[in-house]
Structures are given as structure tokens and as C-alpha cells.
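Chemist: using only what follows, build the 3D model:
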Amino acid sequence: MKIGFAEILVILGVALLVFGPDKTSHYRYTPEFKKQVVEAVIQEGLSYQEAARIYEVQGHDRIQSWERIYLEEGPEGLEVERRGRRSTGRPKKLSSKVDEDLLAEVQRLRAENAPYYTGRPPAFAGGLPVIAETINEIIFQADRLMKLSFLQLPDTGEGYCR
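Modeler: Below is the predicted model:
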């Protein structure tokens, strides 16, 4: 039996009716269809399996990934083609304008922080004698408070002889 052009058009028309206008062959789905399915899952509380059965999507994990993309990137994220492996190559070059802005920002921050670069952190600016004196004061106050609590005396803040 020979199949002519008219018969092929009829077969294609039937296939379009069966698979719907929102889907194309090889299980590729349009962004509008993906959005419709994800919004049905979110608004109607459908499970991924129920949505896959109702909308005839191959694999409920596909709907789960659509929902993740929808929630993270918005409806526009569903329009991005994501087939194949992701690139592990070099990162994309920044535009020269962005590159210049970043260099200017680094130079501004270096100039702003230049007074703080003294060779040692700011906490040690006074040197070790200041730190040792502070530690001794903390120990003295702790000792004083322990003795007062042992004797059950109120803390007047006047201290006592060392």
C-alpha cells in the first residue's frame, strides 16, 4: 500500500491530537507546558507522580527538576535549554567594563585600608605589655569577685588591697 502526501498529513494531524500541541516529539516540552505543569503542582498540590500521569510527562523526576528551576529562577528559567553536559572549562571572560570596575574597586579598597597595614593586626598595636597588663587586670577582677562571693559580701566596687 502506498502512502501519499495527504495520508501523511492525516497521520501527523492524529499524532498532534494524541500528543497535544504543547509537546513536541522525543519527549521535549515547551516552556509554556512546563510552566503549566509546575503551576498545577504548586497551586493544586499535585504530587509529581500525579502530575506526570495527568500531563503525560515521561518521568516524575523531570517535573521535580522543572519545579526546582521554577522556584530558583522563575518562569523564565524554564525557557533555557539544559541538555548535554555542563561545561567544566574556563569561566567566561568578563566584559571590559566590568573588568575595569572591579579593578577600580580593588584599588579604592586598598587605598582605604592602607593605614591599617602596619605589619601586625590592630589588636597588637600596643604591643605585648598592654596585652599582659589587660590579662592581669582580668585575673585580678575575677579573683576579687570569687573572694567576695565566698565571703558573701556585697560588691561595692571599691576593691581591696592587692
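
Chemist: from here on, just use CA atoms for contacts and neighbour counts.
Modeler: OK.

Chemist: may I ask which helix or strand of this structure has the lowest mean pLDDT?
Modeler: strand 23-24 (a mean of 48; mean pLDDT, DSSP states H and E).

Chemist: could you point out which element follows that one?
Modeler: Using DSSP states H and E, the helix or strand that follows strand 23-24 in sequence is strand 28-29.

Chemist: would you pull up how far that following strand lies from the middle of the chain?
Modeler: With C-alpha atoms, centre = their mean, to the nearest Å as the basis, strand 28-29 stands 27 Å off its chain's centre.

Chemist: what strands line up against that strand, and which way round?
Modeler: Strand 28-29 has its sheet partners listed here by DSSP bridges as strand 23-24 (antiparallel).

Chemist: what is the neighbour count of E79?
Modeler: Residue neighbour count, defined by other C-alpha atoms under 10 Å, stands at 13 for E79.

Chemist: ok, it - contacts?
Modeler: E79 makes contact with T30, P31 under the criterion C-alpha atoms under 8 Å, 6 or more residues apart in numbering.

Chemist: 6 Å instead?
Modeler: E79 is in contact with P31, counting by C-alpha atoms under 6 Å, 6 or more residues apart in numbering.

Chemist: give me the below-cutoff pLDDT ranges for this structure.
Modeler: 1, 9, 14-26, 115-132, 148-162 (pLDDT under 70).

Chemist: most centrally placed residue in it?
Modeler: With distances taken as C-alpha atoms, centre = their mean, the residue of the chain nearest its centroid is E72 (8.5 Å).

Chemist: distance of that one from W66?
Modeler: Per C-alpha to C-alpha, to the nearest Å, E72 is found 10 Å from W66.

Chemist: same deal with R82?
Modeler: 11 Å.
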